[in-house]
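>>> Provided below for reference: sequence and predicted model.
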Amino acid sequence: MRSCIGGRASCVAVLVALACQARAGDGGNKSPVEFNGRTALTYIQRQMSFGPRIPNKPGHQQEADWLLTELRARADTVIVQEITHRLRNGEVLHLRNFFARFRPEATERVLFLAHWDTRPMADKSANLAQQRMPVPGANDGASGVAVLLGVADALKARPPANGVDLLFVDGEDYGDFADTSDVLIGSRWFAAHQPPGYQPLFAVLFDMVGDKDLQIYQEGQSVAFAPEVVQRVWRVAAERGHERQFIPSVRHTLTDDHVSLQKAGIHAIDVVDFDYPYWHTTEDTIDKVSAESLQIVGDVAVSLTRQ
C-alpha cells in the first residue's frame with residue numbers, strides 16, 4: 001500500500017484526483033470499461049424465461065419478437081432475414097436472422113455474430129431419456145446473444161467510429177453436425193444473401209462464452225483461415241488484462257457459424273469455450289454461467305469496435 005504525505009485533506013484530494021483519472025481512462029493503458037456483465041446476465045435470464053428456443057415452437061417465436069424489439073431500440077437499422085428451410089425429413093422450419101447495424105453508411109465495418117436458437121435434443125446427456133429432451137441453452141445460445149446485446153448497449157451510448165454489424169443467426173443447432181444440411185442454417189443463408197458489396201474488415205463469432213470457468217482457446221479453422229483476426233482478438237484481450245481467459249494456443253477445430261462466412265470470403269473466427277461439460281445436455285442452465293465471464297468477453301468485444 002502506498003503512503004500519502006501531507007495530511008488528511010491533501011490525501012483526500014489526491015485520492016479523488018486518482019479516482020477521476022481512473023474513471024476517465026487516464027490512469028493506465030486501458031480505456032474505460034463500457035460493457036456491463038450484470039446487465040448481460042439479465043439478458044440470459046430473459047431468454048431462459050421463454051423456455052427452449054427451438055424453431056417452430058412458442059419459445060422461439062417469443063424470443064424472436066423480444067430480440068427484434070431490443071435491437072430496434074438500440075441499432076440504427078435492423079434488417080430481418082426471413083428463412084424457410086425444408087429439412088431432410090420434409091418438415092419446414094420458419095427461421096429469422098436479425099442484422100442490426102450501427103453507422104450503416106460507414107465503409108469500414110466489423111461484424112459480430114451469435115446464434116439465438118437452441119438445440120431440440122440433448123444428445124450429449126448421459127441419461128438416455130434426457131437425450132430426447134431439449135437443451136435449455138443458457139450458455140449455448142443465450143450467452144452469445146447476451147454479449148451482442150451488451151455490445152449494442154455500449155454502441156448506443158457511444159457510437160463507434162467505424163461501422164459495426166451485429167448478426168443474430170437462427171437454425172444453427174437444429175440437426176446433425178455430421179451431415180450439416182440442417183445446421184448452421186442462418187449463417188449459410190446470410191453468407192448467400194449479404195448486402196451488396198458487403199466486405200467487413202473481420203468477423204467474430206461468439207459462442208458459449210458465459211461459462212463460469214472461462215477458458216477460451218484459439219480455434220483451429222480460425223487460425224488456419226484468419227490468423228490475423230485471431231492475433232488481433234487475443235492481443236486486445238491481453239491488453240485488457242484477460243490473458244488467463246484468452247489462452248493463445250489451439251485446442252479444438254470446430255464446424256461452427258464462422259465456417260459459413262469463411263466460405264463466402266469473410267475473415268471470420270470463432271471465440272468459443274468448447275471445454276464446457278454441459279454442452280448439448282439438459283444441464284446447460286443459468287447456474288453454469290456468470291456475469292464475470294460475460295464481462296470479460298464483452299469487454300474484449302467492445303474494445304474491438306473502438307480500435
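Looks like it came in fine. Residues are numbered from 1 along each chain as shown.
>>> residue contacts, the residue lying closest to residue 125 once chain neighbours are set aside?
What sits nearest to residue 125 in space, not counting adjacent residues and going by CB to CB, 6 or more residues apart in numbering, is residue 281, at 4.4 Å. C-beta: built from backbone N, CA, C; applies to glycine. Counting by CB atoms under 8 Å, 6 or more residues apart in numbering, residue 281 touches 122, 124, 125, 126, 130, 135.
>>> again, only using 7 Å
122, 124, 125, 135 (CB atoms under 7 Å, 6 or more residues apart in numbering).
>>> do the same with residue 302
Contacts of residue 302 (CB under 7 Å, 6+ apart): 34, 35, 151, 154.
>>> residues making contact with stretch 205-215?
Everything outside stretch 205-215 that qualifies as a contact, by CB under 7 Å, 6+ apart, is 44, 112-115, 139-140, 143-144, 146-148, 245, 247, 256-258, 268-276, 288-290, 293-294, 296-297, 301.
>>> Would you mind checking those residues for buried ones?
Listed as buried from these are 44, 112-115, 139-140, 143-144, 146-148, 245, 256-258, 268-274, 276, 288-290, 293-294, 296-297, 301; burial here means 16 or more other CB atoms under 10 Å.
>>> Quick one: end-to-end distance for stretch 251-270.
12 Å (CA to CA, to the nearest Å).
>>> need the helices for this structure, in chain order.
Under the criterion DSSP state H, helices of the chain are mapped to 8-24, 37-49, 58-72, 142-157, 185-192, 220-225, 227-239, 257-263, 291-305.
>>> For residue 102, which of those is the nearest?
Set against residue 102 and scored by CB to CB, those come closest in helix 142-157, at 4.9 Å.
>>> returning to what we had before: tell me how far the residue nearest to residue 125 lies from residue 175.
Distance of residue 281 to residue 175, given as CB to CB, to the nearest Å: 18 Å.
>>> circling back: now distance to residue 106 and mean pLDDT too, for the helices of the chain, in JSON lines please.
Below are these laid out as JSON lines (distance: least, CB to CB, whole Å; pLDDT from 0 to 100):
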{"stretch": "helix 8-24", "distance to residue 106": "27", "mean pLDDT": "38"}
{"stretch": "helix 37-49", "distance to residue 106": "25", "mean pLDDT": "98"}
{"stretch": "helix 58-72", "distance to residue 106": "18", "mean pLDDT": "98"}
{"stretch": "helix 142-157", "distance to residue 106": "12", "mean pLDDT": "98"}
{"stretch": "helix 185-192", "distance to residue 106": "19", "mean pLDDT": "98"}
{"stretch": "helix 220-225", "distance to residue 106": "25", "mean pLDDT": "98"}
{"stretch": "helix 227-239", "distance to residue 106": "19", "mean pLDDT": "98"}
{"stretch": "helix 257-263", "distance to residue 106": "19", "mean pLDDT": "98"}
{"stretch": "helix 291-305", "distance to residue 106": "12", "mean pLDDT": "98"}
